[in-house]
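**Q** from the sequence below, what's the structure:
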Amino acid sequence: MATADFWEVFGRLVFTSNGSPRLQGETVLNVTGRFTPASEHSQARVELRGEGMGAIYQIHGWFVPDTGRVVGTVLCLAGDLAKRPVGTTGAFILFPKN
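**A** Numbering: from 1, shown residues only. Take a look at the predicted model:
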């Protein structure tokens, strides 16, 4: 049996790139990483690292075409803010602000 917890970070995640594939954003965590544009063989995606308040996360996500959403997985590397063990993984969806 698996259990799931809903954890929502209230805040705003705004990415800046200055024309490069490098991204930086901030919520509770400082988020940095890379953006890879879509190709004929792959969806656009992000590879991110989130750090803050003693927590470190590895984040992989894919842009859902025509929705503005990003879906993906997050892996806890240290100090999970929800007090879960290192190695805990989960799914996420980022929604654009309406």
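**Q** how much space between Pro37 and Gly61?
**A** In this structure, Pro37 and Gly61 are 14 Å apart, going by CB to CB, to the nearest Å. Every residue, glycine included, has its C-beta placed from N, CA and C.
**Q** of the two, who's got more company?
**A** Under the neighbour definition other CB atoms under 10 Å, Pro37 and Gly61 were set side by side, and Gly61 has more, 23 against 10.
**Q** show me what whichever strand or helix holds the more buried one is packed up against.
**A** Assigned by DSSP states H and E, Gly61 belongs to strand 55-64. With contacts defined as 3 or more CB pairs under 8 Å, 6 or more residues apart in numbering; DSSP states H and E, the secondary structure elements packing on strand 55-64 are strand 45-52, strand 69-78, strand 89-94.
**Q** what packs against the first one?
**A** Under the contact criterion of 3+ CB pairs under 8 Å, 6+ apart, strand 45-52 touches strand 30-36, strand 55-64, strand 69-78.
**Q** need those strands in CSV (columns: distance to Leu94).
**A** Conversion of these to CSV gives the following (distance: least, CB to CB, whole Å):
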stretch, distance to Leu94
strand 30-36, 11
strand 55-64, 7
strand 69-78, 4
